[in-house]
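K.L.:
Build me a model from this:
(2 chains)
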Amino acid sequence: MKETVKIKSKKLNVFYGEKKALSNINLEIPERKVTSLIGPSGCGKSTFLRCLNRMNDSIEICKVEGQIFVDEQNIYEKNLDPVLLRARIGMVFQKPNPFPKSIFENVAYGPKIHGLANSGDELNNLVEVSLKKAGLYDEVKDRIDEPGTSLSGGQQQRLCIARAIAVSPEVILMDEPCSALDPIATAKIEELIDELSKNYTIVIVTHSMQQAARVSNQTAFFHMGSLIEVGKTEDVFSMPKEKKTQDYITGKIG
Amino acid sequence: MHLKLSKNTEKDMSKNTELISKSLEKRHRSEKRFRFFGILGIGTAVIFLITILSSIFVEGKGAFKSTFIQLEINFDQEIIDPNKTNNPEEFKFANYKLLINDALKNYFPEVKDRKTFRDLSVFISSAAEQNLMKLAMENIEIIGESKKIWLLASSTIDVIHKNPQMENFLEEDRLINNIQMSWFNALKKNGDIKFGLNTNFLSNADSTEPEQAGILGSMLGSFFTLLVTLLLCFPVAVASGVFLEELAPKNKFTDFIEININNLAAVPSIIFGLLGLAIFLNVMHLPRSAPIVGGMVLALMTLPTIIISTRASLKAVPPSIREAAIGLGATKFQAVTHHVIPQSMPGILTGTIIGMSQALGESAPLLMIGMVAFIVDIPGSLTDSATVLPVQIYLWKSTAARGFVELTAAGIMVLLTFLVIMNSVAVFVRQKFEKKW
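P.N.:
Numbering: from 1, shown residues only, chains lettered A, B, ... in the order given. Have a look, this model is predicted:
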């Protein structure tokens, strides 16, 4: 089976005011695969991730040059509505950020604002399916009306994943989703990522090289705002082509 | 070499410990000193507060009771219904003062000449005539009969009754002369003078006679004024706070607006009164002394306070909530209305109630638009002439009659009660909304 490219960035440059955060990034992200972005702090991997659903729009000093194609469509085109884009490309953040509402309301919020469910039953069903996909349903089915913030950190993060899934996105972006979690919760999320990659294109930013090695099919290594190397995860970790990549994965820089 | 170094280090360590323990004593001492001054400050504040509150209470509690005098009233048909119509409407035109004068003459038969009688007739409040009229109109069968009735005493007698030590004052310092004092003592001896609940205080508007003056008029005035203030400034202030904080672009112009709003919050309130006088009264020709104008002026004054507290509580909502909503494909406006505003509601409401209680206690701007008038009628609408609680207190305080002293204190008690209620509501709202999650 040939890999189809879901997202493609072309000559992407990003500036924060005068400072150049990303320079000339050309990266292809395959469909229904997990791509991990690794690199030391401040290398631009999160910036790149946030360009993919135009979350950077809200930062006023942030300026983006170049193109990003999602299914052959440039998302930085003038007449593209970022709201629609964000419905197609979901996002999970570093710190679990459930709304201070019930578990049900958290998952139902996306479908509600987009008008995806026509009836109450349909909505209930959608919430249930989303929670099941996020592997959270069995744990919360008896307290679906309790606040989302009453869950444990790992459960909250899976709730956020369920919330993103409920809008049926094509791509899920994850910005260090496990950095605030303990190893057991992390393992659960990683398992979930593996499961989700059957249906969704996943891009994950991570600080943990082991995590990148465990969950991803493709790894991209960023350093100082440049894309140093990208390839199959096994290849990048076992025989990196670039010296910088090798230095990073062996712990010499970081 | 290694050993030597560690020995040196050990030496350093013990030396350091010594130094630290020396300085520790000083550090603890300064903390204790600070704590002592803190407690001293709070203690002083509490003592002052208790002193103020108790002196207001001691002075004001008398206003809730008034003096009544019992007289045998003869409901003479000749006076009440000379045409023998038996129609209660006709009773309105009778001179009830005559009934009271007759009763007084019967009680003190020794009073003969007109001049002495004038001193006696001041015992009874003019409000008693109204009460007698009402009694006669409601009970027709009473006409022609004699009945013992408790009549409201005048304020002068009330003051003497409430301050028994005044009997020993010199005649010229006492409000009433020696003959009047002897009549008062006679009434007292016969048990024909007593204290009763002062219903006038809570059911009347202002009056020139202290025993007939009440706070209801200014209470309603305050209510109507604050209603206008709230309706005008809450939606406008919250909307502008949300717009400036969440939706407006950050540039020189919005910075300029922000600085101006912050400065407006510090503008003396009387300036807003002058603005109201110039614009609302002179240009727009709205009614003078009316709650609607007062409310508009106070709304101007309260706007910056609520805008600032709205912005502060919006700022306190973590950005992760906005990101979560926007990441799901909510528009910026949806993220704000669905998540950010509900989260910041306790803060917004607290700010609003604090702004409103500030408006409740405000008098200076209202003086400018004529809400300082002497108004006997209870206001029934937003455009009726009215006054407000703090202005009423000011008016009573500046009136010479002795009876207004306790009314002033009682007015302050009413005003403070409302402030306490409003602030408790603020606390309650805050806790209720925060408990939810």
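
K.L.:
isn't A:I68 right next to A:N53, touching?
P.N.:
No: taking Cβ atoms under 8 Å as the definition, A:I68 is not a contact partner of A:N53, at 9.8 Å. (C-beta placed from N, C-alpha, C; glycine too.)

K.L.:
These two: which is more packed in?
P.N.:
Between A:I68 and A:N53, A:N53 has the larger neighbour count (other Cβ atoms under 10 Å in any protein chain shown), namely 27 against 24.

K.L.:
how close does that one get to B:M301?
P.N.:
45 Å (Cβ to Cβ, to the nearest Å).

K.L.:
any idea which helix or strand carries A:N79?
P.N.:
Using DSSP states H and E, A:N79 sits in no helix or strand.

K.L.:
To what extent is it buried, counted in neighbours?
P.N.:
4.

K.L.:
Likewise for B:V372?
P.N.:
With other Cβ under 10 Å as criterion, B:V372 counts 17.

K.L.:
Could you list the domains of chain B?
P.N.:
Domain assignment for chain B by automatic domain parsing gives B:64-197, B:216-435.

K.L.:
can you tell me the helix or strand for the most centrally placed residue in chain A?
P.N.:
The residue lying closest to the centre of chain A (Cα atoms, centre = their mean) is A:L173, at 1.5 Å. A:L173 is located in strand A:171-175, with elements delineated by DSSP H and E.

K.L.:
next SSE after that strand?
P.N.:
helix A:183-196.

K.L.:
relative to strand A:171-175, how tilted is that following helix?
P.N.:
160 degrees (axes from the mean of the first three to the mean of the last three Cα atoms, to 10 degrees).

K.L.:
So which elements touch the helix or strand just after helix A:183-196?
P.N.:
Downstream of helix A:183-196, the first helix or strand assigned by DSSP H and E is strand A:201-205. With contacts taken as 3 or more Cβ pairs under 8 Å, 6 or more residues apart in numbering or on different chains; DSSP states H and E, strand A:201-205 sits against strand A:5-16, strand A:19-30, strand A:34-38, helix A:45-52, strand A:171-175, helix A:183-196.

K.L.:
What are the contacting residues of the fourth one?
P.N.:
It stands for helix A:45-52. For helix A:45-52, the external contacting residues (Cβ atoms under 8 Å, 6 or more residues apart in numbering or on different chains) are A:7, A:9, A:12, A:14, A:21-22, A:25, A:27, A:37-39, A:56, A:64, A:68, A:70, A:75, A:89, A:171, A:173, A:175-176, A:203, A:205, A:220, A:222.

K.L.:
which residues of chain A score low on pLDDT?
P.N.:
Applying pLDDT under 70 to chain A picks out residues A:1-2, A:254.

K.L.:
Please identify the residues of it in proximity to chain B?
P.N.:
Residues of chain A found near chain B (Cβ under 8 Å from any Cβ of the partner chain) are A:53, A:55, A:58, A:60, A:83-84, A:86-87, A:90-91, A:93, A:95, A:97-101, A:109-110, A:113-114, A:147, A:149, A:160, A:163-164, A:167.

K.L.:
rewinding a little: out of the domains of chain B, nearest to chain A?
P.N.:
Within those, the stretch nearest chain A is domain B:216-435; the backing value is 3.4 Å (Cβ to the nearest Cβ).

K.L.:
Count residues in the vicinity of residue 249, would you?
P.N.:
As the question left the chain open, I've gone with chain A. Neighbour tally, A:I249, other Cβ under 10 Å: 20.

K.L.:
nope, chain B please
P.N.:
Counted with other Cβ under 10 Å, the neighbours of B:P249 add up to 7.

K.L.:
Name the SS class of it, please.
P.N.:
Assigned with DSSP: H, G, I helix; E, B strand; the rest coil, B:P249 falls in the coil class.

K.L.:
and the gap between it and A:E31?
P.N.:
Distance of B:P249 to A:E31, given as Cβ to Cβ: 37 Å.

K.L.:
which non-adjacent residue is nearest B:F117?
P.N.:
B:V111 (5.3 Å; Cβ to Cβ, 6 or more residues apart in numbering or on different chains).

K.L.:
Helix or strand for that neighbour, just tell me which one.
P.N.:
Using DSSP H and E, B:V111 sits within no helix or strand.

K.L.:
Cross-check the contact I'm expecting between it and B:L120.
P.N.:
Yes: B:V111 is within contact range of B:L120, at 5.5 Å (criterion: Cβ under 8 Å).
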